[in-house]
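*Asks:* Have a look at this prediction, sequence included:
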Amino acid sequence: MGTAEDNDRDSSDRKRRAYGDWQLDADSGRHETPSEKSDRQWTDILQELRVMQTGVQLIAGFLLTLPFQARFDRLDPFGVDLYLGTMLLAGVTIVFMLIPVALHREFFGRHLKYQLVDSGHLILRTVVWLVGILMASAITLVFYVVAGPIAGLVVALATVLGLVIALLVYPVWRLKRAKEHEKLSDVY
């Protein structure tokens, strides 16, 4: 028995009509070869990484300057740990953002674009969460330092709740609505 993702892929495969090397994807109405589709999807992945890259660079740059600020010396041990954890998270996020590039370099010219896109998709899903957690951690650090531990805790809980809604609940809800709409479209 396959996963839900396999079932979705099987369902969309049934909607395709093959015309020689070309395929009509009934979901998107695009006429493209599998290679063209992989190229388009890889471009989408790279564009999404570019969008997130700027935010991660800004947060990491901000974090790198903090130890050189006068107030940093007055941080309590928890504040220092929060800072170091956030800095480490920024580094891990940047490393994950580099993985698709490293894969592309390794797969280049080997006719493995589908595998590259599939791996890039999985990594990008992880990066989205890492960026969200990094943002929540950086905001928590700022509120902790400026307004105190209670404010930091409240902001941490609020941003984590916001992340769960924005990155999990809302996309799942929209996917469910899209599938319901698709079923209705099939009836008419």
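*Replies:* Yes, it's here.
*Asks:* where does R74 land on pLDDT?
*Replies:* We have a pLDDT of 86 for R74.
*Asks:* I'd like to know how far it sits from V80.
*Replies:* Going from R74 to V80 by C-beta to C-beta, to the nearest Å gives 10 Å. To be clear about C-beta, it is placed using only N, CA and C from the backbone, and glycine gets the same treatment.
*Asks:* and what of H121?
*Replies:* Note on H121: its distance to V80, by C-beta to C-beta, is 37 Å.
*Asks:* These two: which has the busier surroundings?
*Replies:* Between H121 and V80, counted using other C-beta atoms under 10 Å, H121 has the larger neighbour count: 15 against 12.
*Asks:* what sits against that one?
*Replies:* By C-beta atoms under 8 Å, 6 or more residues apart in numbering, the contact list for H121 reads 41, 45.
*Asks:* Try it again at 7 Å.
*Replies:* Residues counted as contacts of H121 (C-beta atoms under 7 Å, 6 or more residues apart in numbering) are I45.
*Asks:* does G109 count as helix, strand or coil?
*Replies:* What DSSP: H, G, I helix; E, B strand; the rest coil gives for G109 is coil.
*Asks:* who touches it in this structure?
*Replies:* Residues counted as contacts of G109 (C-beta under 7 Å, 6+ apart): none.
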